[in-house]
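**Q** compute the structure for the input listed below.
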Amino acid sequence: MHAYPARSGNFGAPRLAVAALILAGALIALFARLGHYALWDDEAGTALSAVGIWRTGDTTALLDHNLVAYESGKDLRNLHERLMPPLPGYLAAPFIGLLGRNAWAARLPFALCGVACVGLMLGWVLRSGAPLSTLIFFGMALLTNISFFLFFRQCRYYGPAMLCSVGMAWLYVRRDGQRWQTVWFSVLSVCLFASNYLNWAALGICVALDYVVWGRTRLRLKTADWTLLILPQAVVGGAVLLIWNPLTILGSAEKFPEVGKLLHLWWCARDITVCEFGAPILVVLGLALCFARRERNPWLPRACACLAIYLVALSLLEQRPPSLRGVAFVRYFAPLIPLLIGISVMALSALYRHSRWAAVILACVAFGTNLLNGGGWLTPGLRSTPLQFAGELIHPPGDPFTVTAQWIEQHVPEQASVWVVPDYATYPLMYHAPKPTYAWQLTWPPAKEEFRQLAPVHFIGQVAPEYIVAFGPATKLAQDSIASWNRPEIQYGLATTIDFFWKDRHRPELFWRTFQPITAYDRNTEAIYIFQLHPPSDERPMRQ
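**A** Sure thing, here's the model as predicted:
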């Protein structure tokens with residue numbers, strides 16, 4: 001898109017009208033029903049860190065009578081979360097602190113990152129001097145890319161990582177030697193590092209290789225530029241890494257069984273296609289036009305090279321391929337979505353100059369359906385994801401965490417102990433219904449010395465919880481645990497069955513998301529079940 005002569009000032013009434021429609025559509029996609037769903041487990045982890053940050057200035061794990069101890073507290077050092085880069089939590093903290101402990105406040109700053117990203121991309125197209133047809137293709141590609149909006153609608157690092165990546169790309173492409181551009185590039189790079197280390201490393205590899213092959217011939221960096229680029233990364237990035245260092249935590253944690261690197265690379269390529277980050281055929285089309293010398297845009301092959309390098313680099317950098325799940329962690333690849341939008345627009349614009357009808361028809365198929373992303377082969381049937389998302393915004397289904405948190409708020413006394421199975425479901429409930437004490441997050445005996453100061457209710461098997469919340473198949477685990485205690489005086493009865501499908505299906509990954517209510521499920525095994533201790537006990541010890 002940068003191949004066109006740059007324009008500034010007057011963009012023309014038709015272009016401004018189209019740009020206004022694109023912006024309006026993006027705002028609807030970013031903010032409509034933003035707080036409807038409860039936070040799911042990873043979102044809740046960020047939001048709970050934000051609550052601690054607002055109160056103490058640091059990512060503390062102790063929130064009143066509750067402890068945030070994901071996976072038996074493996075992320076904790078001195079009862080502070082020390083695994084994930086801190087920027088998302090610090091970004092969410094003032095919004096939650098000032099606007100209240102709800103899903104809308106938690107997601108708002110990340111949706112605002114989406115507004116900034118859309119504005120940056122839209123301004124990029126307008127200032128590139130591209131014709132109206134290119135602007136229309138951009139609007140189609142952006143507004144139908146549901147993954148783009150879903151990732152910005154999460155209280156997670158995806159939004160800041162995507163915004164920083166696009167900002168760095170814009171500064172890199174348009175750099176004309178001004179010092180402020182280097183300063184802002186360095187600032188955004190530090191922010192990207194503090195959002196997600198893997199995205200920072202992958203983008204750094206792409207920029208470095210592009211600069212070596214192409215960039216240094218156009219504009220060489222001076223010593224002052226290199227200092228501005230490297231020094232903040234070393235100082236600020238080093239300070240962040242010293243505190244929030246995943247290597248010291250994951251290095252001692254149990255790893256997933258490894259899969260072959262080539263197999264994992266295939267999973268990554270396949271699953272970003274399944275999640276409709278972009279249509280591979282448009283990438284192939286752009287490269288074919290370049291190799292056939294029917295397209296002279298130098299940025300198209302460079303963008304495709306960046307896509308390949310980023311994909312390979314990130315698949316190799318990921319230390320724990322999820323071999324038991326059979327899918328890739330596509331959320332790490334969210335910054336590729338804007339790049340794939342750009343490649344798609346450049347490819348269709350090139351085709352449009354040779355065959356307008358072919359470009360229009362291909363755009364409608366690629367952006368309006370998932371046919372070119374596998375259709376019925378790689379995804380559950382041929383569909384129009386934009387239409388399904390629009391239907392969801394009009395008539396949104398519920399989610400299991402909202403209905404369960406509402407029941408807890410209405411029926412569970414303050415600081416009563418609650419054990420939640422599976423364990424990851426603890427944290428959405430802890431965020432949305434914080435009054436009870438969420439029990440049994442840590443193993444016994446304490447795995448770390450710092451845990452010994454904690455109350456017995458936090459350790460598995462030390463105190464009988466007053467309530468057990470079991471989601472779907474996890475009910476059997478709860479029932480087996482109750483039976484294994486072999487304590488006749490400890491009896492649980494079914495307090496209620498919440499008639500709602502137990503699995504959260506509002507995550508941003510399209511292969512884990514449904515846009516309509518799930519009504520066809522077994523109420524005996526796939527609902528939400530809450531058990532209550534009879535008679536209620538004041539932290540009755542289970543072991544003597």
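
**Q** the stretch 351-500 of the chain: helices as residue ranges?
**A** For the stretch 351-500 of the chain, applying DSSP state H, counting those that start in this stretch gives helices covering 356-368, 385-394, 400-411, 426-432, 474-485.

**Q** low-confidence ranges, this protein, go.
**A** The model of the chain has pLDDT under 70 over residues 1-11, 250-259, 293-295, 320-325, 378-380, 486, 536-544.

**Q** redo that, cut-off 50
**A** 1-2, 4-8, 254, 543-544 (pLDDT under 50).

**Q** center of it, which residue is that?
**A** The centroid of the chain falls nearest to residue 158 when counting by C-alpha atoms, centre = their mean (4.3 Å).

**Q** next up, the contacts around that residue.
**A** 110, 151, 152, 331, 334, 508 (C-beta atoms under 8 Å, 6 or more residues apart in numbering). All C-beta atoms are positioned from the backbone trio N, CA, C, and that covers glycine.

**Q** next: residue 168.
**A** Contact analysis of residue 168 by C-beta under 8 Å, 6+ apart lists 185, 188, 189, 192, 203, 207.

**Q** now residue 338: how far from residue 194?
**A** Distance of residue 338 to residue 194, computed by C-beta to C-beta, to the nearest Å: 20 Å.

**Q** do the same with residue 533
**A** Separation of residue 533 from residue 194 (C-beta to C-beta) stands at 44 Å.

**Q** neighbour-wise, which of these two wins?
**A** For residue 533 and residue 194, the more surrounded residue by other C-beta atoms under 10 Å is residue 194, and the numbers stand at 24 against 20.

**Q** if I read this right, that one contacts residue 91, doesn't it?
**A** No - using C-beta atoms under 8 Å, residue 194 is not in contact with residue 91; the gap is 9.7 Å.

**Q** would you map the strands across this structure?
**A** Along the chain, counting by DSSP state E, strands occupy 62-63, 66-67, 76-77, 80-81, 417-421, 437-438, 467-471, 491-498, 528-534.

**Q** I'd like those strands as JSON lines, with distance to residue 314 appended.
**A** Shown next, in JSON lines, are the strands of the chain (distance: least, C-beta to C-beta, whole Å):
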{"stretch": "strand 62-63", "distance to residue 314": "33"}
{"stretch": "strand 66-67", "distance to residue 314": "33"}
{"stretch": "strand 76-77", "distance to residue 314": "27"}
{"stretch": "strand 80-81", "distance to residue 314": "24"}
{"stretch": "strand 417-421", "distance to residue 314": "33"}
{"stretch": "strand 437-438", "distance to residue 314": "34"}
{"stretch": "strand 467-471", "distance to residue 314": "32"}
{"stretch": "strand 491-498", "distance to residue 314": "39"}
{"stretch": "strand 528-534", "distance to residue 314": "36"}
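
**Q** burial check on residue 534, number of neighbours?
**A** 12.

**Q** so residue 376 sits against residue 382, correct?
**A** Yes - using C-beta under 8 Å, residue 376 is in contact with residue 382, at 5.3 Å.

**Q** ok, for residue 139, nearest residue in space, not its chain neighbours?
**A** Nearest residue to residue 139, sequence neighbours excluded (C-beta to C-beta, 6 or more residues apart in numbering): residue 22, at 4.2 Å.

**Q** sorry, that was for residue 12
**A** Excluding its sequence neighbours, the residue lying closest to residue 12 (C-beta to C-beta, 6+ apart) is residue 132, at 7.9 Å.

**Q** how many neighbours does that neighbour have?
**A** Neighbour count of residue 132, defined by other C-beta under 10 Å: 12.

**Q** ok now do it, which residues does it touch?
**A** By C-beta under 8 Å, 6+ apart, the contact list for residue 132 reads 12, 14, 15, 18.

**Q** for the second one, which non-adjacent residue is closest in space?
**A** Closest residue to residue 14 apart from its sequence neighbours, by C-beta to C-beta, 6+ apart: residue 132 at 5.8 Å.

**Q** give me the buried subset of the contacts of residue 132.
**A** Among these, the ones that count as buried by 16 or more other C-beta atoms under 10 Å are 15, 18.

**Q** would you mind giving the contacts of residue 132 as CSV with distance to residue 175 added?
**A** Listed next are these as CSV, based on distance: C-beta to C-beta, whole Å:
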residue, distance to residue 175
12, 27
14, 30
15, 25
18, 28
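
**Q** nearest to residue 176 among the contacts of residue 132?
**A** Closest approach to residue 176 among these (C-beta to C-beta): residue 15, at 23.6 Å.

**Q** wait, isn't the closest one in contact with residue 135?
**A** Yes - judged on C-beta under 8 Å, residue 15 makes contact with residue 135 at a distance of 5.8 Å.

**Q** mutual contacts of the two, please.
**A** Both residue 15 and residue 135 are in contact with residue 126, where contact means C-beta under 8 Å, 6+ apart.

**Q** residues in contact with stretch 297-308?
**A** Residues contacting stretch 297-308 (C-beta under 8 Å, 6+ apart): 1-3, 173, 206, 209-210, 214, 283, 286-287, 289-290, 336, 339-340, 342-343, 346-347, 350.

**Q** okay, buried residues for it please.
**A** Buried residues in stretch 297-308, counted by 16+ other C-beta under 10 Å: 297, 299, 300, 301, 302, 303, 304, 305, 306, 307.

**Q** nearest to residue 515, out of the helices of the stretch 351-500 of the chain?
**A** Of the helices of the stretch 351-500 of the chain, nearest to residue 515 by C-beta to C-beta is helix 385-394, at 4.1 Å.

**Q** residue 56: how many residues sit nearby?
**A** The number of residues packed near residue 56 is 12, by other C-beta under 10 Å.

**Q** and if you look at residue 410?
**A** With other C-beta under 10 Å as criterion, residue 410 counts 8.

**Q** just the buried residues of the longest helix along the chain, please?
**A** Using DSSP state H, we find that the single longest helix of the chain is helix 103-127. Residues of helix 103-127 classed as buried by neighbour count (16+ other C-beta under 10 Å): 103, 105-118, 121-122, 124-127.

**Q** and residue 286, how far from residue 280?
**A** Computed as C-beta to C-beta, the residue 286 to residue 280 distance reads 11 Å.

**Q** of the two, who's got more company?
**A** Set residue 286 next to residue 280 and count neighbours by other C-beta under 10 Å: residue 286 wins out with 25 against 17.

**Q** and the more buried one, what does it touch?
**A** By C-beta under 8 Å, 6+ apart, residue 286 lies in contact with 295, 300, 301, 304, 343, 346, 347, 350.

**Q** ok, and the closest non-adjacent residue to it?
**A** Per C-beta to C-beta, 6+ apart, closest to residue 286 is residue 347, 3.4 Å.

**Q** the one you found contacts residue 283, correct?
**A** Yes - at 7.1 Å, residue 347 counts as touching residue 283 under the criterion of C-beta under 8 Å.

**Q** higher neighbour count, the two?
**A** When neighbours are counted by other C-beta under 10 Å, residue 347 and residue 283 differ, and residue 347 comes out ahead with 31 against 19.

**Q** does residue 343 touch residue 281 like I think?
**A** No - counting by C-beta under 8 Å, residue 343 does not reach residue 281; the two are 11.2 Å apart.

**Q** hmm, residue 418 is touching residue 436, no?
**A** Yes - contact criterion C-beta under 8 Å: residue 418 and residue 436 qualify, at 4.5 Å.

**Q** identify the contacts common to those two.
**A** 408, 412, 467.

**Q** tell me who's in contact with residue 332.
**A** The neighbours of residue 332, taking C-beta under 8 Å, 6+ apart as the test, are 196, 198, 199, 314, 318.

**Q** mind putting the shared contacts of residue 418 and residue 436 into JSON lines with distance to residue 474 and neighbour count?
**A** Formatted as JSON lines, the shared contacts of residue 418 and residue 436 follow (distance: C-beta to C-beta, whole Å; neighbours: other C-beta atoms under 10 Å):
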{"residue": "408", "distance to residue 474": "16", "neighbour count": "22"}
{"residue": "412", "distance to residue 474": "18", "neighbour count": "21"}
{"residue": "467", "distance to residue 474": "14", "neighbour count": "22"}
